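Visitor: What would the 3D arrangement of this be:
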Amino acid sequence: MSDASQPDADDEFPIDVFDDDPDFDLRPGSDSCYKCSTCDTNCPVAEVDDDFPGPKFQGPEQWRLKQRDDEHTVDASVMDCSNCMRCDEACPADVPLSQMHNAARGEYVDGMSKLSVTYWRNRLLANYRTSAFLASKAPRLANAAMNFGPARWLLEKTMGITSEREFPAFATETFREWWTRRGGADGSRRRAQERRAARGDPRDADKKVAYFHGCYANYNTTAVGKAMVRVFEQFGYEVVVPEQKCSGTPMFANGMLEDARRHAEVNVSSMADLVDQGYDAIASCTSCSMALRQEYPELFDIEGVDEVAAHTFEAVEYLRVHEDLRGALADAEIDGALAEEFAYHAPCHARNQGLERQAVELFRELDGVGVTDVGDSCSGISGTYGWKAEKYDTSMAIGDEMFDHMEAAEGQTGMTECPTCAMQMEHGTGYEVRHPLELLDAALVA
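Guide: Now for the predicted structure:
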């Protein structure tokens, strides 16, 4: 169970998450729940933790209690929810379970003591973008310091951040630095026009996308962001990289809804202006696309949020919808470092968007590679969840099935669209893990 301190029964939560807006009334959703418990049987945390009451209690049952009794306080176990959102996918009655969980976590955290170590640990993890920005100013020093054994031990003892995991490496050049050095939007427009001319497409074809790279592709796995730009330009798309902050996914998972809203306001403002100009928003991380598509309109009444949600896509999904990717790959052949057998894991947030089979279907006939789906199990890390010392064992227990399936698959290279799932795959198996965009880049561009 969570070690976060439960607010006293007579505490008042200072922030009404939904500001009494009838558009955010969750009572109809709670009334739709007929207690079939399908959400509980599909919950990865409940499967390995007998003390966790499950998504049905965390969502509609708590919401009913809250409607009947204004003094009802959110149970501390809501912080044991990993925000995998599998309950949304499983529910046959379309109960907005993850929306209820996000609201409950926000209310619970508002009532926590702001002096507790747990609160500040969670706040640090939720605001990874700030830490990554600072680390990017001296990446080599940050990489050495963060993986220095005594430093990791000290972080666990003082902050509750597990010492079992190695911190991800920071890139010596961020994606946005590379993007600027490469010529930014002007350079992308020129290359896209040249490619359209080579393909025989109209020079003024309306093919333009706005890339939401997120924190991790900017500061850590810059190869993913670079591959995304090159692949889209290969198909004649002009790419822009607008002002943006964190998608808010780690903030939702830690109940930091005020932080998430501040970031969402910047992201929606930037993307809404571009959507008005004919751009679609593209994310290379499935948790980022999920935030813009689902969590923003569920939680925030921000001007333009619905338009942005309607024009947001995961990168490979977008190309599959708008381009003949299978045809483009028909004559492609992979050699060198990416001529591998891949063990593909579909992130939970990909499943929630209906994208769980796209990589397997796309690459099954590509010469030089093989892709094996390693099943529908959760990786267990769930963003910041698996970085908390008290959640580490639970995280690894959830991931056991995935680890076993990966090791049974041919080859020793993993593939996934989620950067934290990639961390867990590497941590549990020792395999190197790649993004599908990297494989597309090698097949179509490199």
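Visitor: All the strands of the stretch 251-400 of the chain, residue numbers only.
Guide: Under the criterion DSSP state E, counting those that start in this stretch, the stretch 251-400 of the chain contains strands at 280-283, 312-314, 341-344, 370-373.
Visitor: Adding mean neighbour count, distance to residue 230 and mean pLDDT, write these out as CSV.
Guide: For the C-beta atoms, the positions are set from N, CA and C on the backbone; glycine is no exception. Listed next are those as CSV, based on neighbours: other C-beta atoms under 10 Å; distance: least, C-beta to C-beta, whole Å; pLDDT from 0 to 100:
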stretch, mean neighbour count, distance to residue 230, mean pLDDT
strand 280-283, 25, 13, 98
strand 312-314, 23, 17, 98
strand 341-344, 24, 20, 95
strand 370-373, 18, 21, 94
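Visitor: Reformat these as a markdown table; add distance to residue 136.
Guide: A markdown table is the format used below for the strands of the stretch 251-400 of the chain (distance: least, C-beta to C-beta, whole Å):
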| stretch | distance to residue 136 |
| --- | --- |
| strand 280-283 | 20 |
| strand 312-314 | 25 |
| strand 341-344 | 29 |
| strand 370-373 | 32 |
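Visitor: Tell me the secondary structure of residue 211, please.
Guide: strand (DSSP: H, G, I helix; E, B strand; the rest coil).
Visitor: Isn't it up against residue 244?
Guide: No. With contacts counted by C-beta atoms under 8 Å, residue 211 stays clear of residue 244, the gap being 9.0 Å.
Visitor: Check residue 10 and give its pLDDT.
Guide: Per-residue pLDDT puts residue 10 at 37.
Visitor: Could you tell me how far stretch 364-371 lies from the centre of the chain?
Guide: 26 Å (C-alpha atoms, centre = their mean, to the nearest Å).
Visitor: Quote the end-to-end distance of that stretch.
Guide: One end of stretch 364-371 sits 6 Å from the other (C-alpha to C-alpha, to the nearest Å).
Visitor: Enumerate the positions of that stretch that are buried.
Guide: 366, 369, 371 (16 or more other C-beta atoms under 10 Å).
Visitor: Mind splitting the chain into its structural domains?
Guide: 22-110, 119-159, 175-322, 332-444 (automatic domain parsing).
Visitor: Distance to residue 169 for those domains - can I get that in JSON lines?
Guide: Converted to JSON lines, the domains of the chain look like this (distance: least, C-beta to C-beta, whole Å):
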{"stretch": "domain 22-110", "distance to residue 169": "25"}
{"stretch": "domain 119-159", "distance to residue 169": "5"}
{"stretch": "domain 175-322", "distance to residue 169": "7"}
{"stretch": "domain 332-444", "distance to residue 169": "11"}
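Visitor: In terms of mean pLDDT, which of these ranks lowest?
Guide: Among the domains of the chain, domain 22-110 scores lowest, at a mean of 89.
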